[in-house]
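Peer 1: Would you be able to build a 3D model of this:
(2 chains)
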Amino acid sequence: MAQKETMTLNMGPQHPSTHGVLRLVIELDGEIIDKITPHIGYLHRGIEKLSEHRTYHQALPLTDRMDYLAPMSNNLGYVLAVEKLLGIEVPERAKTVRVITAELTRLKSHLVWLACHALDIGAMTVFLYCFREREKVMSIYEKLSGARMTSNYYRVGGLSADVYAGFEKDVQEIIDTFPDFFDVYEGLLTKNTIWLQRTIGNGVISAEDAIDAGITGPALRGSGVDWDLRRDNPYSGYEKYGFKVPVGEKGDTFDRYKVRLVELREAVNIISQALKDLKPGPVLADLPQVCYPPKENVYNSIEGLIHHFKIASEGFAVPEGEVYQSVEAPKGELGYYLVSDGGNKPYRMRVRPPSFVNLSAIERMAKGSMIADLVAIIGTLDIVLGEIDR
Amino acid sequence: MIVPLIKGLQITLKHLFKKPITLMYPEEKPDVAPNFRGLHALKVSHNKAKCVACYLCPTVCPAKCITVEAGEDANHDKYAAKYEIDMLRCIFCGYCVEACPVDALGMTQTFELANYKRSDFVFTKERLLEKK
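Peer 2: Now for the predicted structure:
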C-alpha cells in the first residue's frame, strides 16, 4: 500500500485573494485540503496597547483603523462602551444619525465583500459595479466627517458635528436607488450557473460547529442560527426599527451570500425608517464633564474657554469599573471590553473583532474541499486583516 | 441554464451605453468636500498668524506630530515662534482643529501630499500659513 504523503503549500501573505496580508499554510493531499494553519500578525499595530497610553478621546481615531471597511461601526462600539461606563445618555438625534451612518457602513462593507468575493470567483463586472455604488456612500462620509475612510465622526456623548445641509437628500437618494443596484448584482449572480456551482455546497459549516467556533454575523446566520445583536440586544435605539433577520439553511457559501444580500436590503430599510425618525435637536450631550463646550462659548466667554482647555488637555475621567459592549458590525459581533481605573485613560482595552474569530473556523469549513474552493471560502468569511491583527 | 447567462449579458450590455463614471485623474480633479480633512493651514488675521501658542493642539494630538514653541513679539504678545507639523506622523483626525480655542487652525482640501524627501513632509510655519 502506498504511503500517504501530503504537500505543504504557502498561500500568502501577498496572495491577491487573501484580502490583506494573511498567510495560510496548507497541507494538501493531492488537491484536497487536509489542514490549514492561518499565520496572522503582519498588520499588527498594537492598537489595544496604544490605547492604554491615550485618553479616551484620543483612542477613538485608533478604532476606525481596525476594520477600515466599516469605520463607523468600530467607532460606534467604542463610544457606546465608554458611554456605558460613564453612564451617560446621548441625545435622540445623535442616536438616530448613528443608526443611519452605521447602516451606511454596513452597505459599504457588504458592497466590498460582494465585490471581492465575486472577483475571487471570477466575476469582474460585479466588482466594478459594487465599487461604483460604494463611492456614493463614501462621498456622504466625506461630506459628513471630512474623510472617506477614517471617519472619526462620533464622539463620546454624541457626534463631532451635526449633519451637513443636504444630508437627508443624499441619504434619500441611496434609499431610492440602491435596491435597483442590488437587483443588478442578483441578476448577474444569483442564477448564474458558474456562480451556483462555485458556491453551493462549498464551505459548509453546521449550526453547532458555527456556534462552537464562535462565529458571529452573517456567517453564523448563514448556518441557520437566528441571532442578531441589533434585534436581540439592541443599542443606540435599534429597538425602534423593524427589520427582518435573514437566516440560511445549509450553511454553505451560497446561503451566506443570500443572507448578506438580504442584509443589504434590510440596511436600506432601516436607513429609511431612521431617516423618517430624524428630528431636529442637539447632537452632543449637555455634559460639561465629558463633552467640549459649544464653540461660541469658547470664543466669547472665559468660563467656556477654561472648560474647553480642561477637556482638551486632560480629557475626562471615567469611573472605576469594567464594561463590555458589543455591536452588530457588518462582519459580526464587535465587542469592546474596557477596564477603567478611574483615570482619563483606559487601563485596558480589549477588542473582540468578528473577523479574528470567524477566521478561526476556516479549517472546519475548508477541510476536505479542493484548493481552488479555498478562495471562495476566504471570500465568504469576509475577513479584514486590519481587524484581525489590530 | 443558458437563460441566466443571457440575462447577465443583458445587464452588462445596458451598461455599455451608459455614461462612464471614470474620473480621469490627475487631469480631472475630484470634488472634495468643503470640510475635508486635508493639509493643515494656519489662519491669518491682520497680516499675522492667529495662533497664540497655547499648546492645546500638540496636547490633544493622538499622533504627537505637532511641535510648537512660543515666543514674544514686539507688543509683548505670545505667538508661535515655531510651528511644525510632521505629515508623516499625522493621522488627519482633525482633533487639533477641534481643540483650537482661537480658530487659528484649519484643514484644507489639499490631499496630494506626495514628496521626494522625508524632510519635505515636515511642514514649517511658513509653509502652513494659509494662502489667500
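
Peer 1: which of the residues in whichever strand or helix holds A:Gln172 are buried?
Peer 2: Counting by DSSP states H and E, the element that carries A:Gln172 is helix A:167-189. By neighbour count, with 16 or more other CB atoms under 10 Å in any protein chain shown as the criterion, the buried positions of helix A:167-189 are A:Phe167, A:Asp170, A:Val171, A:Ile174, A:Phe178, A:Phe181, A:Phe182, A:Val184, A:Tyr185, A:Gly187, A:Leu188, A:Leu189. Placement of C-beta: from N, CA and C, glycine included.

Peer 1: try stretch A:122-131
Peer 2: Buried positions in stretch A:122-131, judged by neighbour count with 16+ other CB under 10 Å: A:Ala123, A:Thr125, A:Val126, A:Phe127, A:Tyr129, A:Cys130.

Peer 1: The one residue sitting closest to the centre of chain B: which element?
Peer 2: Centrality entry for chain B: nearest residue to the mean C-alpha point is B:Gly38, 1.5 Å, by CA atoms, centre = their mean. For B:Gly38, there is no helix or strand it lies in under DSSP H and E.

Peer 1: For it, which residues are in contact?
Peer 2: Shown here is B:Gly38, whose contacts under the criterion CB atoms under 8 Å, 6 or more residues apart in numbering or on different chains are B:Val32, B:Phe92, B:Met107, B:Thr108, B:Gln109, B:Thr110, B:Phe111, B:Leu113.

Peer 1: Please name the residues that touch A:Lys331.
Peer 2: For A:Lys331, the contact set (CB under 8 Å, 6+ apart) comprises A:Asp67, A:Ala70, A:Ser109, A:Gly217, A:Pro218, A:Pro354, A:Ser355, A:Asn358, A:Asp382, A:Ile383, A:Val384, A:Glu387.

Peer 1: okay, among these, which ones form the most distant pair?
Peer 2: Taking CB to CB, the two most distant members of the contacts of A:Lys331 are A:Pro218 and A:Glu387; they sit 15.1 Å apart.

Peer 1: These two: who's more crowded?
Peer 2: Under the criterion of other CB atoms under 10 Å in any protein chain shown, the comparison of A:Pro218 against A:Glu387 puts A:Pro218 first, with 32 against 26.

Peer 1: residue ranges with poor pLDDT in the stretch 1-150 of chain A?
Peer 2: When residues are selected by pLDDT under 70, those of the stretch 1-150 of chain A lie in A:1-2, A:16-18.

Peer 1: picking that back up, columns secondary structure and distance to A:Ala372 on top of the contacts of A:Lys331, output as TSV?
Peer 2: TSV is the format used below for those (DSSP: H, G, I helix; E, B strand; the rest coil; distance: CB to CB, whole Å):
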residue	secondary structure	distance to A:Ala372
A:Asp67	coil	28
A:Ala70	coil	29
A:Ser109	helix	26
A:Gly217	coil	25
A:Pro218	helix	23
A:Pro354	helix	26
A:Ser355	helix	23
A:Asn358	helix	21
A:Asp382	coil	19
A:Ile383	coil	19
A:Val384	coil	23
A:Glu387	helix	26
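
Peer 1: where do the strands sit along the stretch 201-350 of chain A?
Peer 2: Secondary structure of the stretch 201-350 of chain A by DSSP state E, counting those that start in this stretch: the strands cover A:321-329, A:332-340, A:348-352.

Peer 1: what about the residue in the stretch 151-300 of chain A positioned nearest to chain B, neighbour count?
Peer 2: Using CB to the nearest CB, A:Lys191 is the residue of the stretch 151-300 of chain A that sits closest to chain B, at 3.7 Å. Applying other CB under 10 Å, we find 15 other residues in the vicinity of A:Lys191.

Peer 1: Give me the distance between it and B:Pro4.
Peer 2: 4 Å (CB to CB, to the nearest Å).

Peer 1: Just the buried positions in the longest helix along chain B, please.
Peer 2: Counting by DSSP state H, the longest helix found in chain B is helix B:2-16. Of the residues in helix B:2-16, B:Pro4, B:Gly8 count as buried by neighbour count, 16+ other CB under 10 Å.

Peer 1: Identify the residues contacting that helix?
Peer 2: Residues external to helix B:2-16 that are found in contact with it (CB under 8 Å, 6+ apart): A:Thr125, A:Tyr129, A:Val184, A:Gly187, A:Leu188, A:Lys191, A:Asn192, A:Thr193.

Peer 1: Between which two of those is the distance greatest?
Peer 2: Comparing every pair within the contacts of helix B:2-16 by CB to CB identifies A:Tyr129 and A:Thr193 as the most remote, at 19.8 Å.

Peer 1: so, in contact with chain B or not, stretch A:56-63?
Peer 2: Yes - using CB under 8 Å from any CB of the partner chain, a contact is recorded between stretch A:56-63 and chain B, made by A:His57, A:Gln58, A:Ala59, A:Pro61, A:Leu62.

Peer 1: Residue numbers of chain A in contact with chain B?
Peer 2: By CB under 8 Å from any CB, the residues of chain A that approach chain B are A:54, A:57-59, A:61-62, A:125, A:129, A:132, A:135, A:139, A:142-143, A:145-147, A:150, A:152, A:160-161, A:164, A:184, A:187-188, A:191-193, A:292, A:295, A:298-299, A:305, A:308-309, A:312-313.

Peer 1: Could I have the buried ones of those residues as PyMOL selection syntax?
Peer 2: To isolate the buried ones among the residues of chain A next to chain B in PyMOL, judged by 16+ other CB under 10 Å, type:
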select buried, chain A and resi 54+57+58+59+61+62+125+129+142+143+145+146+147+150+152+160+161+184+187+188+192+292+298+305+308+309+312
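
Peer 1: Do I have it right that A:Asp277 meets A:Thr96?
Peer 2: Yes - distance between A:Asp277 and A:Thr96: 5.4 Å, which falls inside the contact criterion (CB atoms under 8 Å).

Peer 1: Tell me which of the two has more neighbours.
Peer 2: The residue with more neighbours, out of A:Asp277 and A:Thr96, is A:Thr96; 23 against 16, by other CB under 10 Å.

Peer 1: out of everything not next to it in sequence, what's closest to B:Ala49?
Peer 2: B:Leu42 (4.7 Å; CB to CB, 6 or more residues apart in numbering or on different chains).

Peer 1: wait, I meant A:Ile140
Peer 2: Closest residue to A:Ile140 apart from its sequence neighbours, by CB to CB, 6+ apart: A:Asp170 at 5.2 Å.

Peer 1: Wait, that neighbour touches A:Lys143, no?
Peer 2: Yes - under the criterion of CB under 8 Å, A:Asp170 lies in contact with A:Lys143, with a separation of 7.4 Å.

Peer 1: which residues do the two both contact?
Peer 2: Counting by CB under 8 Å, 6+ apart, no residue touches both A:Asp170 and A:Lys143.

Peer 1: Isn't A:Ala366 up against A:Ala372?
Peer 2: No - the criterion here is CB under 8 Å, and A:Ala366 misses it with A:Ala372 at 11.1 Å.
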